[in-house]
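Visitor: Have a look at this prediction, sequence included:
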Amino acid sequence: MVRFVRKGHQAAANAVVPLPVRDGVAPSYLWITATRTGGMLAFLEERFPAIAGPSWAERLARGDVVDAHGTPLQADSHVRQGMRIWYYRELEHETPIPFEEGIIFQDEHLLVVDKPHFLPMIPTGRFLRETLLVRLKQKFDLPHLTPIHRLDRETAGVVIFSHNLATRGTYQSMFQKRSIRKVYEALAPVLHGRDFPFTYRSRMVDGDKFFVMREEEGEPNSETFVELLETRGDVARYRLHPHTGRKHQLRLHMASLGVPILNDAFYPVALPCKGDDFSAPLQLLARSIAFDDPLTGEARRFDSRRALAWPA
């Protein structure tokens, strides 16, 4: 049996990359940790039996699969322990996402972006070129661009990218130290029986399905400060301050309070996948991010120009 380690959309920062970024797509790589017979084509076809895109025979013939030195591999090339294979992830068909990102700020270190709903952050699953990272690499020719935090595909708003390897760790440390001040807005049903503002805490753990979270009894590991901004009929606009950064924290907390965010297809119940239906965006917006710049000490704040859509 061949064991391997695969990097997804982007190579490790300290790796020597023998393939360039192509049309915004960074090469992926695969470590081979056991020798096998049969040749490279047989190995790749066995490892990726349901690959969506050009066949491995076609990719090998084009010279798009190389070793760590950039030497193109052939169908009959040996598969040896310790090899690192580089290749481009490709999709034969990808549905265009008809929403554009906006640029809020750029300097020699950071690119701050206003992400639309439905656009994934990075290549994954059925998304490759229709992702924020690949779009930005294509537009700005920034091969070292990478997000220093993430937003769900369904969430819109402010997100920060680093494109300077020398200072990336410094900016990433702000999120690790929780020195970033993030503010979200959400539309959800009116919450009765609570005095605003208030803090909601719970213990969040992985759910039964890999893509959702749930709450359980125990020491809280998540905290959200909730403010009420306005109401219109049965719907309210809330300002949410996450003091922790758990996956789907705001979505789960609002659902647990009995007021799930409008158009949430995961909480309180995971609904069937809507595929390429763009008609009902999740009404959650990363409104602003503020921090003291770790390089200059300057107070910075970046705000989304987007607005949530009240129901008619």
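Guide: Looks like it came in fine.
Visitor: Could you pull out the helices in this protein for me?
Guide: Taking DSSP state H, the helices of the chain run over residues 40-47, 56-62, 132-140, 165-176, 249-256.
Visitor: got these as CSV, with mean neighbour count and distance to residue 300 columns?
Guide: Yep, even glycine has a C-beta here, placed from its N, CA and C like the rest. Written out in CSV, the entries for those read as follows (neighbours: other C-beta atoms under 10 Å; distance: least, C-beta to C-beta, whole Å):
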stretch, mean neighbour count, distance to residue 300
helix 40-47, 18, 45
helix 56-62, 16, 43
helix 132-140, 19, 20
helix 165-176, 14, 11
helix 249-256, 23, 23
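Visitor: Let's have those in JSON lines, adding mean pLDDT and distance to residue 282.
Guide: Converted to JSON lines, the helices of the chain look like this (pLDDT from 0 to 100; distance: least, C-beta to C-beta, whole Å):
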{"stretch": "helix 40-47", "mean pLDDT": "91", "distance to residue 282": "35"}
{"stretch": "helix 56-62", "mean pLDDT": "91", "distance to residue 282": "36"}
{"stretch": "helix 132-140", "mean pLDDT": "95", "distance to residue 282": "16"}
{"stretch": "helix 165-176", "mean pLDDT": "93", "distance to residue 282": "22"}
{"stretch": "helix 249-256", "mean pLDDT": "98", "distance to residue 282": "8"}
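Visitor: Of all those helices, which one comes closest to residue 24?
Guide: Ranking these by proximity to residue 24 (C-beta to C-beta) places helix 132-140 first, at 3.4 Å.
Visitor: Show me what the closest one is in contact with.
Guide: 9-10, 21, 23-26, 101, 106, 111, 113, 115, 119-123, 128-129, 142-143, 145-147, 159, 161, 163 (C-beta atoms under 8 Å, 6 or more residues apart in numbering).
Visitor: Show me which of the residues you listed are buried.
Guide: 9-10, 21, 24-26, 101, 111, 113, 115, 119-123, 128-129, 142, 145-147, 159, 161, 163 (16 or more other C-beta atoms under 10 Å).
Visitor: what bits of this protein have low per-residue confidence?
Guide: Residues of the chain that meet the criterion pLDDT under 70 lie in 1-15, 52-53.
Visitor: Domain-wise, how is it divided?
Guide: 4-87, 102-303 (automatic domain parsing).
Visitor: Can you lay out the ones you listed as a markdown table showing distance to residue 93?
Guide: Written out in a markdown table, the entries for these read as follows (distance: least, C-beta to C-beta, whole Å):
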| stretch | distance to residue 93 |
| --- | --- |
| domain 4-87 | 8 |
| domain 102-303 | 9 |
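Visitor: Sketch out the strands for the stretch 51-200 of the chain, chain order is fine.
Guide: Secondary structure of the stretch 51-200 of the chain (DSSP state E, counting those that start in this stretch): strands at 65-66, 84-87, 102-106, 110-115, 146-147, 156-162, 181-189, 198-206.
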